[in-house]
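J.: starting from these lines, generate the structure:
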Amino acid sequence: MAKPIEMKIIGDHVEEDSEVSEMVTRMEAQADQELAAGTVTLRWGRKQIAVIKRAAAIIGVPYQTYLKQVVFRQALADIERADAVLARKR
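T.: All right, here's what the predicted structure looks like:
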């Protein structure tokens with residue numbers, strides 16, 4: 001179990017520059033749009049999900065993070081292999 005983080009409150013007010021505040025608000029809105037545009041839903045059986053969660057736990061990451069990492073690595077490997085095959089055919 002993770003050790004709790006000790007925090008000390010040293011103030012109750014933060015003054016922000018209005019330009020910085022507006023920029024952060026714009027960037028947050030843009031990030032929200034990008035995340036919404038990139039959502040993927042997978043329908044898997046309970047046994048498949050259990051295997052993924054077990055593997056993620058062994059690695060020490062949340063299972064959704066694990067899925068993203070594994071799928072991304074595999075996609076890169078597939079693209080690299082396909083490029084190699086196509087290069088040999090030329």
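
J.: CA atoms for contacts and neighbours, from now on please.
T.: Will do.

J.: low-scoring stretches of the protein, by residue?
T.: Residues of the chain meeting the criterion pLDDT under 70: 1, 7-16.

J.: in it, which spans are helices?
T.: Taking DSSP state H as the criterion, the chain carries its helices at 18-37, 46-59, 63-89.

J.: point to the residue nearest the middle of the protein.
T.: Using CA atoms, centre = their mean, the residue of the chain that lies closest to the mean C-alpha position is T65, 5.4 Å off.

J.: who's in contact with it?
T.: By CA atoms under 8 Å, 6 or more residues apart in numbering, the contact list for T65 is empty.

J.: just to revisit the earlier point, switch the helices of the chain over to TSV; also include distance to I5.
T.: Shown next, in TSV, are the helices of the chain (distance: least, CA to CA, whole Å):
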stretch	distance to I5
helix 18-37	26
helix 46-59	22
helix 63-89	23
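
J.: K3 is nearest to which of those helices?
T.: With CA to CA as the criterion, K3 lies closest to helix 46-59 of the helices of the chain, at 18.0 Å.

J.: before we move on, back to that, for A84, see how far away the residue nearest to the centre of the chain is.
T.: 29 Å (CA to CA, to the nearest Å).

J.: same question for A36.
T.: 34 Å.

J.: now for Y63, how many residues are close by?
T.: 19 (other CA atoms under 10 Å).

J.: need the contact list for it.
T.: I52, K53, A55, A56, A57.

J.: would you show me how to pick out the buried ones of these in PyMOL?
T.: Here is the PyMOL selection string for the buried members of the contacts of Y63, based on 16 or more other CA atoms under 10 Å:
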select buried, resi 52+53+55+56
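
J.: which of the contacts of Y63 sit farthest apart?
T.: So, the contacts of Y63 by CA to CA: farthest apart are I52 and A57, at 8.6 Å.

J.: sorry, back to before: and of the helices of the chain, who's closest to P4?
T.: Per CA to CA, nearest to P4 of those: helix 46-59, 20.1 Å.
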